[in-house]
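In: Have a look at this prediction, sequence included:
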Amino acid sequence: MLWILSRGLDPEYVLKRLLAASLLLLFAIVYLFELRPQLLTVNPENLLTLFAEDKSHVYLYMSAWGNLPTAVLGLLLASTYRRLQRENTDLTQNKIFVDIHRVSLLLLLLWISMPFFFTNIESHLAVALYATAEKSVFAAVLSVTSLGCFYKVEGPATSVLCWPGWRVLSRLSLSSLMIHVAVIGQITFSRIHNSTSHTQMLADTAAVSVISYLLALPLTLLIEYPAARLYKAVVDTSSKEETENHTSVKSKQS
């Protein structure tokens, strides 16, 4: 992103084409290696061996190319928001955007439920298309939801996601994201019995969420926040020195 800005290029122009290229690359990999979405393959019987033996998990979810489209979408969201702020655009006056934002949570739930419709589909092409679009469509709808929350668009999404009670958890989200995979592995591989159930999977999900956020608290306070403050101090000092040098040079020239 910094490289794009330093070259004076239009970030949205570059990122849109990078998104299209990353989706094409991901589709080619999914189709050629016959990968399947995790929601179509995971079940209580194979949960204990999923991380080690399922090639779809390794090459579709743990790989760089598998997560590249959603990463680009995140950058595109930031670039779009920056442009809207610069142009003083008020999205609350855009009726189409407001209508989509109001049903965005419903769209997210419907998209999550898509695997139920793909359970009996044998078409390799259809499964590959869904696997390619699975995370990208979710991220795209979530981007609309986020923009609506940024602009305080009235709707259920804003009411739920902008609840003040989420602020503490949001401060811990990065550390929780970094540590939750280790927590999942620890819970899964430390189980004595080799059998599980849907109830056990739900309990594991709740346990992973609680433990991840509890562990994220010291990680945030002891590592993330000090590192962020150190970076800010270094950047502010460098900017101040650069400004002073520039001012000194201009005064000497005059």
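Out: Right, received. Where do you want to start?

In: How is the protein partitioned into domains?
Out: 1-162, 164-254 (automatic domain parsing).

In: Show the average pLDDT along the last one.
Out: Across domain 164-254, the average pLDDT comes to 80.

In: quick one: the strands in this structure?
Out: Remark: no strands are assigned in the chain by DSSP state E.

In: rewinding a little: for the domains of the chain, which one ends up most surrounded?
Out: Comparing the domains of the chain by mean neighbour count (mean count of other Cβ atoms under 10 Å), domain 1-162 ranks first with a mean of 15. The way it works is simple: take the backbone N, C-alpha and C, and place the C-beta from them, glycine included.

In: Can you give me the distance of Leu110 to Phe138?
Out: 11 Å (Cβ to Cβ, to the nearest Å).

In: try Pro69
Out: Distance from Pro69 to Phe138, by Cβ to Cβ: 11 Å.

In: swap in Leu32?
Out: Using Cβ to Cβ, Leu32 is found at 24 Å from Phe138.

In: cool, Ile100 as well?
Out: From Ile100 to Phe138 the distance is 15 Å (Cβ to Cβ).

In: Now Arg102. Nearest residue, chain neighbours left out?
Out: Gly155 (3.9 Å; Cβ to Cβ, 6 or more residues apart in numbering).

In: Next, the contact list for that neighbour, please.
Out: Neighbouring residues of Gly155 by Cβ atoms under 8 Å, 6 or more residues apart in numbering: Val98, His101, Arg102, Ser104, Gly148.

In: In this model Thr145 seems to touch the third one, though I could be wrong.
Out: No. In this structure, Arg102 is not within contact of Thr145 by Cβ atoms under 8 Å, at 10.1 Å.

In: shared neighbours of these two, anything?
Out: Shared contacts of Arg102 and Thr145, counting by Cβ under 8 Å, 6+ apart, come down to Ala157.

In: in the stretch 51-200 of the chain, which spans are helices?
Out: 55-56, 64-86, 95-102, 104-112, 115-118, 124-150, 156-161, 167-171, 173-189, 198-219 (DSSP state H, counting those that start in this stretch).

In: from the chain's centre, how far out does the first one sit?
Out: Relative to the centre of its chain, helix 55-56 is centred 20 Å away, using Cα atoms, centre = their mean, to the nearest Å.

In: which residues sit against that helix?
Out: Residues contacting helix 55-56 (Cβ under 8 Å, 6+ apart): Phe33, Leu35, Arg36, Pro37, Gln38, Thr41, Ala131.

In: now the second one
Out: Helix 64-86 is contacted by residues 1, 11-12, 15-16, 18-19, 22-23, 25-26, 29, 59-61, 91, 135-136, 139-140, 143, 146-147, 150 when judged by Cβ under 8 Å, 6+ apart.

In: Between helix 124-150 and that helix, find me the angle.
Out: 30 degrees (axes from the mean of the first three to the mean of the last three Cα atoms, to 10 degrees).

In: does Thr188 really touch Ala207, like I thought?
Out: No. Using Cβ under 8 Å, Thr188 is not in contact with Ala207, being 10.7 Å away.

In: In a markdown table, list the contacts of Gly155 along with distance to Val235 and pLDDT.
Out: A markdown table is the format used below for the contacts of Gly155 (distance: Cβ to Cβ, whole Å; pLDDT from 0 to 100):
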| residue | distance to Val235 | pLDDT |
| --- | --- | --- |
| Val98 | 37 | 94 |
| His101 | 34 | 94 |
| Arg102 | 39 | 93 |
| Ser104 | 35 | 94 |
| Gly148 | 31 | 94 |
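
In: As JSON lines, those with distance to Leu125 would be great.
Out: Converted to JSON lines, those look like this (distance: Cβ to Cβ, whole Å):
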{"residue": "Val98", "distance to Leu125": "36"}
{"residue": "His101", "distance to Leu125": "32"}
{"residue": "Arg102", "distance to Leu125": "34"}
{"residue": "Ser104", "distance to Leu125": "28"}
{"residue": "Gly148", "distance to Leu125": "34"}
